[in-house]
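Q: structure for this input, please:
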Amino acid sequence: QLDADNYETDPCLKEIRRAENYSWMDIVTIHKDKLPNYEEKIKTFYEEHLHLDDEIRYILEGSGYFDVRDKDDKWIRISMEKGDMITLPAGIYHRFTLDENNYVKAMRLFVGEPVWTAYNRPADDFSARKQYMKFLAEEAH
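A: Take a look at the predicted model:
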């Protein structure tokens with residue numbers, strides 16, 4: 001839980017960014033009046049996909065859900081609200097949806113230049129997916 005009201009000056013966020021080398025940041029607002037092509041984007045976010053880099057999101061306002069797959073390929077729903085930060089590892093299948101408030105403002109963080117490419121399932125041949133599955137297997141032991 002971070003201080004979303006003071007994200008510009010929050011020393012905890014600054015330390016996380018330094019420690020994790022999150023050098024790039026922007027803010028996105030997901031709302032029908034704020035996001036161009038809102039309906040299309042919402043559908044895209046909800047398509048099950050993975051990325052080749054970690055996905056870091058920090059909720060500044062509003063709320064929503066990240067759904068991720070567990071080691072048995074079952075969905076886990078993670079409720080996200082103001083002040084929450086999540087790191088989805090490269091190679092994890094996931095999706096995002098708004099809750100009944102239909103609004104979220106989130107900070108997106110990256111190591112280096114941002115890469116927005118989402119690979120819809122199935123995308124099991126990527127090395128990021130293979131590494132993630134290896135990690136799950138090791139954690140299970």
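Q: Glu113 contacts Trp24, correct?
A: Yes - the pair Glu113 and Trp24 passes the contact test of C-beta atoms under 8 Å, sitting 6.4 Å apart. The way it works is simple: take the backbone N, C-alpha and C, and place the C-beta from them, glycine included.
Q: so these two - more neighbours on which side?
A: Trp24 (12 against 8; other C-beta atoms under 10 Å).
Q: correct me, but the more buried one touches Val115?
A: No - checked against C-beta under 8 Å, the pair Trp24 and Val115 is beyond contact range at 10.1 Å.
Q: which strands and helices sit next to the lowest-mean-pLDDT helix or strand in the chain?
A: Scoring the helices and strands of the chain by mean pLDDT, DSSP states H and E places helix 127-140 at the bottom, with a mean of 94. Judged by 3 or more C-beta pairs under 8 Å, 6 or more residues apart in numbering; DSSP states H and E, helix 127-140 is in contact with strand 49-50.
Q: contacts for the strand it packs on next, please.
A: 90-95, 118-121, 123, 126, 128-129, 132 (C-beta atoms under 8 Å, 6 or more residues apart in numbering).
Q: same question for stretch 125-139.
A: Outside stretch 125-139, the residues that touch it by C-beta under 8 Å, 6+ apart are 50-53, 71, 89-92, 119, 123-124.
Q: quick check: buried residues in it?
A: Judged by neighbour count (16 or more other C-beta atoms under 10 Å), stretch 125-139 contains these buried residues: 128-129, 132, 136.
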